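Q: Here's my sequence, what's the structure:
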Amino acid sequence: MVLFLRSVDGVVVVVRQERAVRTRRVILEAAASVFDEFGYEGATIGEVVSRAGVTRGAVYFHFASKRELAQGVVEEQFAQEAIPERSCKLQEFVDTGMVVAHLMPRDPLLSAGARLSLGQDVFEDLGGGAIPGWIARLGGLLEEAGERGELLPHVVPADTAWLVTAAWTGVQIQSQKLSGRADLERRISAMYQHVMPSVAVPGVLASLEMGADRGARVLAEVAAAGAAAGAAVGVVGV
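A: Sure thing, here's the model as predicted:
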């Protein structure tokens, strides 16, 4: 078990880091389900405490206020990298959107992050929620794609990242309203198939995988790689 030391009023306190990380994650998952169900204004710390099965003190140890808790939910979606790096950065660009489309109906953290990011009652308070982070992430991938000659000459990475984020968000809202996100992956796939011919050079465009099952296949690839790495560690440890 990993430990770290913290000084409080001159007294060194040993904190079990792994337990703290697990508790924080449990609190965030509980908070996500509450924010997703009730919105920011309707959510209460008491409901988060009840769903997380922790004390109110544990919540306030990690998050000083409801606003900090909401910010934590928004930021958590960037904490874990689920997208493998690709030699083709435009494939990585598409994979990012398709993986999120696959996970959003299944992951309360993503769903709550979307609701918090789009809610007018909290949008400015959270600095735009997750939207600036997604624009920055996609913009970075497009910059790399440009350096590798994957982009058409007219493409400005920052502008395209803004536009695709806006389009993705709009498709997500429409899908949620009309089908409860049941068709989200199919709709996001169609969005990329309409957009990418205006972004990618022909040779790259022909190689892009943009099917509705792309997100699920990328996550299966990640899971298989993780299992293989775990097996390798087990063999080394024998």
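
Q: With adjacent residues omitted, what lies nearest to residue 138?
A: Of all residues not flanking residue 138 in the chain, residue 161 sits nearest, at 4.0 Å (CB to CB, 6 or more residues apart in numbering). From N, CA and C alone the C-beta is placed, and that goes for glycine too.

Q: tally of neighbours for the one you found?
A: 21 (other CB atoms under 10 Å).

Q: Same question for the helix or strand harbouring residue 32: list its buried residues.
A: Here residue 32, judged by DSSP states H and E, is contained in helix 17-42. Residues of helix 17-42 classed as buried by neighbour count (16 or more other CB atoms under 10 Å): 23-24, 27-36, 40.

Q: which sections of the protein are below the confidence cut-off?
A: 1-16, 79-81, 119-129, 230-238 (pLDDT under 70).

Q: what about the residue most central in space within the chain, distance to residue 212?
A: Note on the chain: the residue nearest the mean C-alpha position is residue 77, at 3.2 Å, using CA atoms, centre = their mean. Residue 77 is 21 Å from residue 212, where distance means CB to CB, to the nearest Å.

Q: re the thing from before, any idea which helix or strand carries the residue nearest to residue 138?
A: Counting by DSSP H and E, residue 161 is part of helix 157-179.

Q: So for the next helix or strand after that helix, what gets flagged as buried?
A: Per DSSP H and E, the first helix or strand lying C-terminal to helix 157-179 is helix 184-195. Within helix 184-195, the residues that count as buried by 16+ other CB under 10 Å are 184-185, 187-189, 191-192, 195.

Q: Among these, which one lies nearest to residue 88?
A: Of all the buried residues of helix 184-195, residue 88 sits closest to residue 192, with 13.9 Å by CB to CB.

Q: excluding its backbone neighbours, what's nearest that closest one?
A: Of all residues not flanking residue 192 in the chain, residue 210 sits nearest, at 4.5 Å (CB to CB, 6+ apart).

Q: which parts of the next helix or strand after the helix holding residue 32 are buried?
A: Next in sequence after helix 17-42, counting helices and strands by DSSP H and E, comes helix 45-52. Across helix 45-52, burial judged by 16+ other CB under 10 Å covers 45, 47-49, 51-52.

Q: quick revisit: in the helix holding residue 161, which of the residues would be classed as buried?
A: Quick answer for helix 157-179 (16+ other CB under 10 Å): 157, 160-165, 167-169, 171-172, 175-176.

Q: same check, this time on stretch 212-220
A: The neighbour-count check on stretch 212-220 (16+ other CB under 10 Å) flags 212, 214-216, 218-219 as buried.

Q: How far off centre is it?
A: 15 Å (CA atoms, centre = their mean, to the nearest Å).

Q: show me what contacts the residue nearest to residue 138?
A: Residue 161 sits next to 135-136, 138-139, 142 when contact means CB atoms under 8 Å, 6 or more residues apart in numbering.

Q: Give me the buried subset of the residues you listed.
A: Taking 16+ other CB under 10 Å as the criterion, what is buried in these is 135, 138-139, 142.

Q: so of those, which ones are in helices?
A: Here DSSP state H is the test, and the buried ones among the contacts of residue 161 give 135, 138-139, 142 as lying in helices.

Q: With distance to residue 92 and secondary structure as added columns, please give the buried residues of stretch 212-220 in CSV.
A: Formatted as CSV, the buried residues of stretch 212-220 follow (distance: CB to CB, whole Å; DSSP: H, G, I helix; E, B strand; the rest coil):
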residue, distance to residue 92, secondary structure
212, 18, coil
214, 12, helix
215, 13, helix
216, 17, helix
218, 10, helix
219, 14, helix
